[in-house]
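Pasting a predicted model and its sequence here:
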Amino acid sequence: MTAIREKTGECRQCRSFCDKMVEPRGCVEMRCRYLYSFVDMLNGVQYVGCMQDVFAAKVELDAVLQPGGFGGVKMTGDALPHCQFSVERAYEGSGESYDCVNRRFFDCSDSGPEGIQAFDLRDV
Ligand code: SF4
């Protein structure tokens, strides 16, 4: 099998090709302290983005707040424990070629100051 380069938020280790998606609406609803907004002075449109670069896209706030929501945007960074993300598969299939071989891909980050750390008794 040919090696395929992966970016953060992507897993290409089996034939399913999974991407992590974060819902900006969830960021707004939980009033995340890392969510920022700005108004584009050229068109007067207000956009929101993530200071942690969990997603790099700048999303129109009105679209995010529409009934039904805007949907997910592709994650470009590691999710913090409170980020609401889902994993979308590009291809469905059955058999060994489609079996998940990277189960930690479904977890949030366990590194960095906000990562969930395992309790390690050797520290005492
Ligand atoms: S840190 Fe997570 S919850 Fe907060 S704005 Fe970024 S993606 Fe949304």
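Nice, I can see it. Residues are numbered from 1 along each chain as shown.

Tell me the residues on this protein that lie near the ligand, please.
Within the chain, the positions near the ligand by CB under 6 Å from any ligand atom are 22, 27, 32, 34-35, 50, 52, 54-55, 80, 82-83. To be clear about C-beta, it is placed using only N, CA and C from the backbone, and glycine gets the same treatment.

8 Å instead, please
With CB under 8 Å from any ligand atom as the criterion, the chain meets the ligand at residues 22, 24, 26-27, 30, 32-35, 48-55, 75, 79-80, 82-85.

Buried only: go through the residues you listed for me.
22, 24, 26-27, 32, 35, 48-50, 52, 54-55, 75, 79-80, 83-85 (16 or more other CB atoms under 10 Å).

thinking again about what came up before, from the residues of the chain next to the ligand, which ones fall inside strands?
Among the residues of the chain next to the ligand, the members falling in strands (DSSP state E) are 22, 35, 48-50, 85.

so can I have TSV of the residues you listed showing pLDDT and distance to Ser97?
Formatted as TSV, these follow (pLDDT from 0 to 100; distance: CB to CB, whole Å):
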residue	pLDDT	distance to Ser97
Val22	93	28
Leu35	97	39
Val48	96	38
Gly49	97	37
Cys50	97	34
Phe85	89	25
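
Take the residues you listed and lay them out in a markdown table including distance to Gly95.
As requested, those are exported to a markdown table (distance: CB to CB, whole Å):
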| residue | distance to Gly95 |
| --- | --- |
| Val22 | 30 |
| Leu35 | 41 |
| Val48 | 41 |
| Gly49 | 40 |
| Cys50 | 37 |
| Phe85 | 27 |
